[in-house]
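**Student:** Turn this into a structure:
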Amino acid sequence: MDDELTNDDHLRALAALEAVVQNNDSALETLAGDAHERPLATLLAAYGKHTLHRVLLAAFGIEATMTLDETGQRVAELNGDPMARIVFLLADSLHHQAVLAGDDLVTAKRIGGSILLAIHAFTDADNQDALTLLGALRNEALRAG
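**Tutor:** Next up is the predicted model:
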């Protein structure tokens, strides 16, 4: 799976996660796209991996401005942390689930739900907080585009 996400991928994934929070299956159907777009399950798995890795980097205080030694030390801590390894395992399992799902929107919705639960585990965000967070992430993606 190509984990590189375009700005449009970020926006589509965020819209799908909002649809999952709101239990809006018709929005998910619209976001499923066409044959030229990445299947929604695959997109959500890639977005989940990207987002969960960013959450881990923040949780371990890893920043781009750090020295190579500081970064190496923090990455070693991250790689040795059992909870971080579980996050990596979750991202990997979502990828495998997405490969099997193909265009199945029920599985895409479940992958989205797993991503939201993982974000909740780090942030204690309820559904309303999740919508606020997703809105902020959308604004960030729009500014980057």
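
**Student:** any idea how far G72 is from the most centrally placed residue in the chain?
**Tutor:** Relative to the mean C-alpha position of the chain, the nearest C-alpha, by Cα atoms, centre = their mean, is the one of G48, at 2.0 Å. Plainly put, G48 is 26 Å away from G72 if you go by Cβ to Cβ, to the nearest Å. C-beta: built from backbone N, CA, C; applies to glycine.

**Student:** same question, A41
**Tutor:** Computed with Cβ to Cβ, the distance linking A41 and G72 is 35 Å.

**Student:** Same question for A101.
**Tutor:** With Cβ to Cβ as the criterion, A101 and G72 are 37 Å apart.

**Student:** And for P82?
**Tutor:** Remark: distance between P82 and G72 (Cβ to Cβ) = 20 Å.

**Student:** okay, A41 and G72: which has more neighbours?
**Tutor:** Here A41 and G72 are set side by side on neighbour count (other Cβ atoms under 10 Å), and the busier one is A41, at 28 against 11.

**Student:** Next, the more buried one: secondary structure please.
**Tutor:** Going by DSSP: H, G, I helix; E, B strand; the rest coil, the secondary structure assigned to A41 is helix.
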